[in-house]
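Participant: Quick one, fold the following:
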Amino acid sequence: MSENHLTFEEAMEKLESIVERLEEGDVPLEEAISIYKQGMELSKLCHDKLKNVEEQLTQILTEDGQTENFSIQEEE
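Facilitator: This next block holds a predicted model:
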């Protein structure tokens, strides 16, 4: 399955696996760089999916006339 077709949950699961692997610290440098790049791509994919959902919610709520300034607060 290509990364663009992953669900948010699948992408997060893969990203968590990558983080755990890198935190172990016993990954060869070249492999760590490759894994890190994959993690960054998954992170961007998750961010894009969340942004898309936020835009959809904003549109739905605006169409329903409930609010014009809906915004999802990001957790830090």
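Participant: just for the protein, where's the confidence low?
Facilitator: Along the chain, the parts satisfying pLDDT under 70 run over 1-4, 64-76.
Participant: Helices along that one, start to end?
Facilitator: Taking DSSP state H as the criterion, the chain carries its helices at 8-24, 29-63.
Participant: Report all helices and strands that the first one contacts.
Facilitator: The reference is to helix 8-24. If you count contacts as 3 or more Cβ pairs under 8 Å, 6 or more residues apart in numbering; DSSP states H and E, helix 8-24 packs onto helix 29-63. Placement of C-beta: from N, CA and C, glycine included.
Participant: Grab the nearest non-local neighbour of the residue positioned nearest the centre of the chain.
Facilitator: Closest to where the C-alpha atoms of the chain average out (Cα atoms, centre = their mean) is residue 46, at 1.5 Å. Counting by Cβ to Cβ, 6 or more residues apart in numbering, residue 11 is the residue found nearest to residue 46 once chain neighbours are left out, at 5.2 Å.
Participant: residues in contact with residue 25?
Facilitator: Contact partners of residue 25, counting by Cβ atoms under 8 Å, 6 or more residues apart in numbering, are absent.
Participant: Now the phi/psi pair for it, please.
Facilitator: For residue 25, the backbone dihedrals (degrees, to the nearest 10) come out as phi 80, psi 0.
Participant: heads up, I number from 19, so please use that
Facilitator: Yep, numbering from 19; the last one is residue 43 now.
Participant: gap between it and residue 50?
Facilitator: In this view, residue 43 and residue 50 are 9 Å apart by Cβ to Cβ, to the nearest Å.
Participant: One more: residue 72?
Facilitator: From residue 72 to residue 50 the distance is 32 Å (Cβ to Cβ).
Participant: try residue 42
Facilitator: Distance of residue 42 to residue 50, given as Cβ to Cβ: 10 Å.
Participant: Residue 25 now?
Facilitator: Noted for residue 25: a distance of 26 Å to residue 50, by Cβ to Cβ.
Participant: Good, we can wrap up now.
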